[in-house]
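1. no sequence on this one, just coordinates:
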């Protein structure tokens, strides 16, 4: 009688292991349970895939702090011939992540805009001037995160078996 183990190739060892699990009815998902996201899921394995229920973002969102504008109104803006835009009808202030107001199609970063309310620079204290000066044109959809940029509704977010 031999008391020593014999080496076998890795592939053969995995096949023996899988066969033993299959014979015992233990190969595959052993069971699933639903837990709230507020419980500790660390180290747990998904028994089935997770599908996105909504798109992310689920609205067209500003990619940065700045002003939503109609891109057509910025055509021709250059440093020597800037465009002046009126806050409200031609431009609206947005923080990063804010929804793009209807009819606006671009965002000008706040650092690329000058306030025309005195000599003050745009900052947290001077977010809402009456007029802004734009020294460069912007293309449609500039600095906008479109619906579903990260993930689209019904897309697989995580596959089964993911820890």
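-> In hand now; what should we look at? Keep in mind the model is a prediction, meaning the values are calculated, not measured.
2. Just name the shakiest helix or strand of this protein by mean pLDDT.
-> The helix or strand of the chain with the poorest confidence is strand 113-115; it has a mean of 91 (mean pLDDT, DSSP states H and E).
3. which helices and strands does that strand pack with?
-> strand 131-134 (3 or more C-beta pairs under 8 Å, 6 or more residues apart in numbering; DSSP states H and E). Every C-beta, even on glycine, is put in place using the N, C-alpha and C of the backbone.
4. buried set for the strand it packs on?
-> Neighbour-count burial for strand 131-134, with 16 or more other C-beta atoms under 10 Å as criterion, is recorded at 132, 134.
5. picking up where we left off before, listing partners with orientation, what would you give for the least confident helix or strand of the chain?
-> Strand 113-115 pairs in its sheet with strand 131-134 (antiparallel), by DSSP bridges.
6. quick one: average pLDDT of whatever helix or strand comes next after the partner strand?
-> For strand 131-134, the following helix or strand on the C-terminal side (DSSP states H and E) is strand 144-145. Averaging pLDDT along strand 144-145 yields 98.
7. neighbouring strands for the next helix or strand after strand 144-145, and are they parallel or not?
-> Per DSSP H and E, the first helix or strand lying C-terminal to strand 144-145 is strand 156-158. Taking DSSP bridges as the criterion, strand 156-158 sits next to strand 50-51 (antiparallel) in its sheet.
8. pLDDT weak spots in this structure?
-> Where the chain drops to pLDDT under 70, the residues are 1, 118-128.
9. And the helices in it?
-> Under the criterion DSSP state H, the chain carries helices at the ranges 10-23.
10. what's the neighbour count on residue 92?
-> Per other C-beta atoms under 10 Å, the neighbour tally for residue 92 reads 19.
11. For it, which non-adjacent residue is closest in space?
-> If the residues on either side of it in the chain are set aside, residue 92 comes closest to residue 68, at 4.7 Å by C-beta to C-beta, 6 or more residues apart in numbering.
12. for the one you found, what are its contacts?
-> 62, 91, 92, 94, 100, 101, 104, 106, 107 (C-beta atoms under 8 Å, 6 or more residues apart in numbering).
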